[in-house]
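Visitor: with the input below, show me the fold.
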Amino acid sequence: MRRAEQRGLVLAFGVFGTFWGAWAAALPAMRHQVGASDGQLGLALAAIAVAAVPVMFFAGRIVDRYGAQRALPASLLLFAVAVPLPGLAHSLGALVPALIAVGLGTGALDLVANAATAAWERVERSKLMSIVHGAFSVGVLVGSVGAGLAREGGATPLMILSVVAAATVVVAVTQPPYRMAPAEQVTSRDRLPWFLVGVGLLTAGAFLCEDAIQSWSSLQLERGLDASPAISGLGPGLFAGSMAVGRLLIGAVASRVREPMLLGSAALTLAIGAFVVAAAGTPAVALVGLVVAGAGTSVLAPVLYSAVGAHAAPGRQGADLAAVAAVGYVGFVAGPPLVGAISAATSLPVALGCLGGIGLLLAATGPLLLSGRMSP
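Guide: Sure thing, here's the model as predicted:
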C-alpha cells in the first residue's frame, strides 16, 4: 500500500508538470492560432491564476471530507477534461474561457495533490513532498522537450494537449486507494491562525522568486550580458533542471534533516544564486548563479507545504493548505510584473538583486516560524 500510494502521488505530480511544460512550449503556436499580441496573450494567461485561487478553498473542503481516495482521481479527471480546451480556441475570445477552465482544474488538482501528499506524510510519519515536487519539475522538462519536438514534427497545440489529457486520464484511473490521516489530538499551536499566515507569506515569497527568476533569466542573459539566443535559452532550462535535481536529492534525506534548518539553508542558497545572477559579468557566471538559485528554490515550497500538513488540525489539512496555496499564488502571479516594475525604475540586475534580498528575508524568518520561536 505504501509504495502504491507513493507511485500514485508521483505520477499525479508528474503528469501535472508535463502539462505545464507542454503548455509553455506550445504557447508560441497558441499565440499565432488565436491571433493575439504579446500583451493580449499575457492578460489572457492571467485568467488561469485568477480562476485557480478561489477553487482551491472548495477543493480543500472536498479533500478533507472525502479523502484522497476519491478527491485525487476526480481532480485528475476534471483536469484532463480542461487540458485540451485551449487547443480548440481560434480566437482570443474563445481562449479566455478555455483558460478559465484550465485554471479551475489547476487549482483543484494542485490543492488536492498537495493535501494528499501531506496526509500520506502524516500517516507514514515520513517525508515525500520534495520527491513529488521533484516529479513535477521532471514533468515540466519532459513536457517542454516533448512538445517542442512534436511541434518540429508539425503537431498542433490541440494534438499536444490531447496527448497530455490522455496521459492524465491513465494516471487518474490507476490511482490506488489512499488511507486517511489519523485523527490526532489538536494542540493550541495547531489552532493558531498566525502560523498559517506566516507560512502563506513565506510561500508567496518563494513562489515570487521562483517565477520571477524563471521569467526574467533569459532577458538578463541576452540583453544584459549579450548572450546568444541559444545560450539565453539555457537559463530557464538550467533553473528548472536544478530545481528537479534538488527536490529529488533532498527528498531522499528530508526525513533526517530538521525542517527549520533545511528551509534556512535553502533560502540562503536561493539568495546567493540570485545575487550571482544579478552581479554576473559573463553569461557563464550567470548560468552558474541560476543553477544555485534553482537548487535553493527547489526546497522551499515542499518544506512549507509539509509544515502545514504537520501542523493542521485533524480534518483541516485541505482547508489549511488551500489558504497557504492561495497566498502563495499571489506571489507567483506578482513576481514577473514586480521585477519588471523595479527594472523599469532602476535596472534588471537591481531587480534580480531584490530577489536575493527576499531570499535573505526568508532565510532569517522561515526557521524561526517553523521552530515555533516566532509568534504574535
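
Visitor: Ala94 touches Gly35, doesn't it?
Guide: No. The pair Ala94 / Gly35 is not scored as a contact, 11.0 Å apart, by C-beta atoms under 8 Å. (Each C-beta comes from the backbone N, C-alpha and C, glycine too.)

Visitor: more neighbours: the two, which one.
Guide: When neighbours are counted by other C-beta atoms under 10 Å, Ala94 comes out ahead of the other of Ala94 and Gly35, with 14 against 11.

Visitor: apart from its neighbours in sequence, what residue is nearest Gly143?
Guide: Once flanking residues are discounted, Gly143 sits nearest to Gly21: 2.7 Å by C-beta to C-beta, 6 or more residues apart in numbering.

Visitor: who touches the one you found in this structure?
Guide: 139-147 (C-beta atoms under 8 Å, 6 or more residues apart in numbering).

Visitor: one more time with 7 Å
Guide: When contacts are counted by C-beta atoms under 7 Å, 6 or more residues apart in numbering, Gly21 touches 139-144, 147.

Visitor: the nearest residue in space to Gly281 that is not next to it in sequence: neighbour count?
Guide: Among residues not flanking Gly281 along the chain, Leu225 sits closest, at 7.6 Å (C-beta to C-beta, 6+ apart). Per other C-beta under 10 Å, the neighbour tally for Leu225 reads 19.

Visitor: looks like Leu225 contacts Pro283 (just checking).
Guide: Yes. Assessed by C-beta atoms under 7 Å, Leu225 is found in contact with Pro283 at 4.9 Å.

Visitor: related to what we said a few turns ago, tell me the pLDDT of the residue nearest to Gly143.
Guide: Gly21 carries a pLDDT value of 83.

Visitor: for it, give its distance to Ala150.
Guide: Distance check for Gly21 against Ala150: by C-beta to C-beta, to the nearest Å, it reads 12 Å.

Visitor: same question for Gly281.
Guide: For Gly281 relative to Ala150 (C-beta to C-beta), the value is 38 Å.

Visitor: what about Leu104, distance to Pro236?
Guide: 27 Å.

Visitor: neighbours around the closest residue to Phe136 other than its chain neighbours, how many?
Guide: Leaving aside its sequence neighbours, Phe136 sits nearest to Gly17 (C-beta to C-beta, 6+ apart; 3.7 Å). Residues lying near Gly17 (other C-beta under 10 Å) number 25.

Visitor: isn't Gly17 right up against Gly139?
Guide: Yes. Counting by C-beta under 7 Å, Gly17 touches Gly139, with 2.6 Å between them.

Visitor: below-threshold pLDDT in this structure: ranges please.
Guide: 1, 38-39, 181-192, 233, 251-257, 312-315, 317, 372-376 (pLDDT under 70).

Visitor: show me what contacts the residue nearest to Gly281?
Guide: Taking C-beta under 7 Å, 6+ apart as the criterion, Leu225 is in contact with 280, 282-283, 286.

Visitor: which members of these occur in strands, if any?
Guide: Using DSSP state E, no member of the contacts of Leu225 falls in strands.

Visitor: filter those down to the buried ones.
Guide: If you count burial by 16 or more other C-beta atoms under 10 Å, the buried members of those come out as 280, 283, 286.

Visitor: for the last one, which non-adjacent residue is spatially closest?
Guide: By the measure of C-beta to C-beta, 6+ apart, the closest residue to Ala286 outside its immediate chain neighbours is Ala280, 3.8 Å from it.

Visitor: tell me the contacts of that neighbour?
Guide: Contacts of Ala280 by C-beta under 7 Å, 6+ apart are 225, 286, 289.

Visitor: what segments of the stretch 151-300 of the chain are helices?
Guide: 157-173, 188-191, 193-219, 229-232, 234-253, 259-279, 283-311 (DSSP state H, counting those that start in this stretch).

Visitor: can you state the direction angle for the third one and helix 283-311?
Guide: With axes from the mean of the first three to the mean of the last three C-alpha atoms, to 10 degrees as the basis, helix 193-219 and helix 283-311 are set at 160 degrees to each other.

Visitor: any idea how many residues pack against Arg223?
Guide: Neighbours around Arg223, by other C-beta under 10 Å: 11.

Visitor: pipe the contacts of Ala280 into a markdown table and attach distance to Leu300 per row.
Guide: Formatted as a markdown table, the contacts of Ala280 follow (distance: C-beta to C-beta, whole Å):
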| residue | distance to Leu300 |
| --- | --- |
| Leu225 | 26 |
| Ala286 | 21 |
| Gly289 | 17 |
